[in-house]
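# Need coordinates for the below:
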Amino acid sequence: MILLLQTGRLDEAAERITARQYDVYEGGEGRLVRVYEWICILCGLKLLDGGEPVRALEEILRASTVPACFNEGRNSHAFLSHIYWFAGIAAIACSQMDEAEKLHRKACEGPNFLTDLACYKGKTLWVTGRKTEAEALFNEMVVAGALLVKKDGRYDHFATGVPTPAPFEGDRGQRNRSEGLLLEALGHAGLGADQQSSDELREVLAIQANHLGAWIFAGKCGIDILHRLK
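Presented below is the predicted three-dimensional model:
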């Protein structure tokens with residue numbers, strides 16, 4: 001499904017991702033859910049750009065419910081700000097202003113820790129008039145990203161019970177660098193530093209050519225995501 005998404009075959013990805021029952025160990029770390037969310041969002045944005053805002057809103061909101069065939073749920077710290085931000089945009093295109101306001105309020109309720117998806121909480125804070133909070137969040141992303149870039153590959157803790165064997169997933173130092181650069185890129189995008197953001201996204205993809213988040217934000221799926229943060 002990731003390859004279908006990355007090659008822009010969104011309709012096929014949407015059909016195939018829910019076409020079977022998954023064992024919990026095929027997606028227990030939340031990766032399957034995140035791919036599903038982006039498939040729904042990108043399909044919705046494609047409909048929106050094609051002049052079908054009602055269908056777009058329905059498609060984007062599908063991402064908020066995890067299909068039963070996944071046999072997993074979301075953890076209590078999951079970000080949904082990206083879903084509600086884009087759903088709010090679609091609601092505005094449908095002239096459903098009250099619904100858009102409600103959706104954007106929900107987008108502001110994301111957890112108080114940093115991932116790449118925090119940029120949508122920041123954007124929603126900005127458009128709803130909470131600009132000081134938004135700028136603080138975007139700056140926090142830049143600072144946290146810079147620290148992660150400099151971090152070595154050593155683990156901070158030991159944990160068991162993770163389905164994916166994390167210690168064997170390659171160069172952790174390089175992963176820290178790519179995740180840190182992505183945080184910086186999206187923080188800079190929110191602050192309006194477009195060129196710096198684009199340069200950092202290119203650097204992420206130079207390190208990890210198939211990085212899903214960087215691939216999506218760089219618009220390589222055929223849908224321009226990054227400009228919607230401006």
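# which one is His82 nearest to, not counting chain neighbours?
For His82, ignoring the flanking residues on the chain, the nearest one in space by Cβ to Cβ, 6 or more residues apart in numbering is Tyr120 at 4.3 Å. Where you see a C-beta, it was placed from the backbone N, CA and C, and this is true even at glycine.
# Cys94 touches Leu57, doesn't it?
Yes. Judged on Cβ atoms under 8 Å, Cys94 makes contact with Leu57 at a distance of 5.9 Å.
# who's more crowded, the two?
Leu57 (26 against 17; other Cβ atoms under 10 Å).
# pretty sure the more buried one contacts Ile89?
No. Leu57 is beyond contact range of Ile89, at 9.0 Å (criterion: Cβ under 8 Å).
# ok, now which ones touch Glu109?
Applying Cβ atoms under 8 Å, 6 or more residues apart in numbering to Glu109 gives the contacts Ser81.
# Pull up the gap between it and Ala63, please.
16 Å (Cβ to Cβ, to the nearest Å).
# got it, and Leu182?
Distance from Leu182 to Ala63, by Cβ to Cβ: 20 Å.
# Give me the residue at the spatial middle of this protein.
Leu117 (4.6 Å; Cα atoms, centre = their mean).
# what distance separates the secondary structure element (helix or strand) that Tyr120 belongs to from the middle of the whole chain?
Tyr120 belongs to helix 118-127 when assigned by DSSP states H and E. Centre-to-centre, helix 118-127 and its host chain are 13 Å apart (Cα atoms, centre = their mean, to the nearest Å).
# Could you check the angle whichever helix or strand comes after it makes with helix 118-127?
Per DSSP H and E, the first helix or strand lying C-terminal to helix 118-127 is helix 131-150. Helix 131-150 and helix 118-127 meet at an angle of 160 degrees, taking axes from the mean of the first three to the mean of the last three Cα atoms, to 10 degrees as the criterion.
# for the following helix or strand past helix 131-150, packing partners?
Scanning forward in sequence from helix 131-150 by DSSP H and E, the next helix or strand is helix 172-190. Judged by 3 or more Cβ pairs under 8 Å, 6 or more residues apart in numbering; DSSP states H and E, the packing partners of helix 172-190 are helix 118-127, helix 131-150, helix 194-207, helix 212-217.
# re earlier: so what secondary structure elements neighbour the helix holding Tyr120?
Using 3+ Cβ pairs under 8 Å, 6+ apart, helix 118-127 is in contact with helix 81-93, helix 97-107, helix 131-150, helix 172-190.
# And the ones you listed: which comes nearest Gln208?
helix 172-190 (4.8 Å; Cβ to Cβ).
# hmm, back to that, can you pull out the residues in contact with the helix holding Tyr120?
By Cβ under 8 Å, 6+ apart, the surrounding residues in contact with helix 118-127 are 79, 81-82, 84-86, 88, 104, 107-108, 110, 131, 133-135, 137-138, 141, 186-187, 189-190, 229.
# do stretch 41-56 as well
Outside stretch 41-56, the residues that reach it (Cβ under 8 Å, 6+ apart) are 5, 10-11, 14, 57-60, 63, 82-83, 86-87, 89-90, 93-94, 216, 221, 223, 225.
# for the record, mean pLDDT for that stretch?
Mean per-residue pLDDT for stretch 41-56: 94.
# Please export the C-alpha coordinates of it as PDB.
C-alpha atoms of stretch 41-56 as PDB (Å, rounded to 0.1, in the frame of the first residue of the first chain):
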ATOM      1  CA  ILE A  41      -6.700  12.400   3.200                       C
ATOM      2  CA  LEU A  42      -4.900  12.400  -0.100                       C
ATOM      3  CA  CYS A  43      -7.900  10.800  -1.900                       C
ATOM      4  CA  GLY A  44     -10.100  13.500  -0.300                       C
ATOM      5  CA  LEU A  45      -7.800  16.300  -1.400                       C
ATOM      6  CA  LYS A  46      -7.800  14.900  -4.900                       C
ATOM      7  CA  LEU A  47     -11.600  15.100  -4.900                       C
ATOM      8  CA  LEU A  48     -11.400  18.600  -3.400                       C
ATOM      9  CA  ASP A  49      -9.000  19.800  -6.100                       C
ATOM     10  CA  GLY A  50     -11.400  18.200  -8.700                       C
ATOM     11  CA  GLY A  51     -14.300  20.300  -7.500                       C
ATOM     12  CA  GLU A  52     -16.100  17.700  -5.400                       C
ATOM     13  CA  PRO A  53     -16.000  19.100  -1.800                       C
ATOM     14  CA  VAL A  54     -18.800  17.000  -0.400                       C
ATOM     15  CA  ARG A  55     -17.200  13.700  -1.400                       C
ATOM     16  CA  ALA A  56     -13.900  15.100  -0.300                       C
END
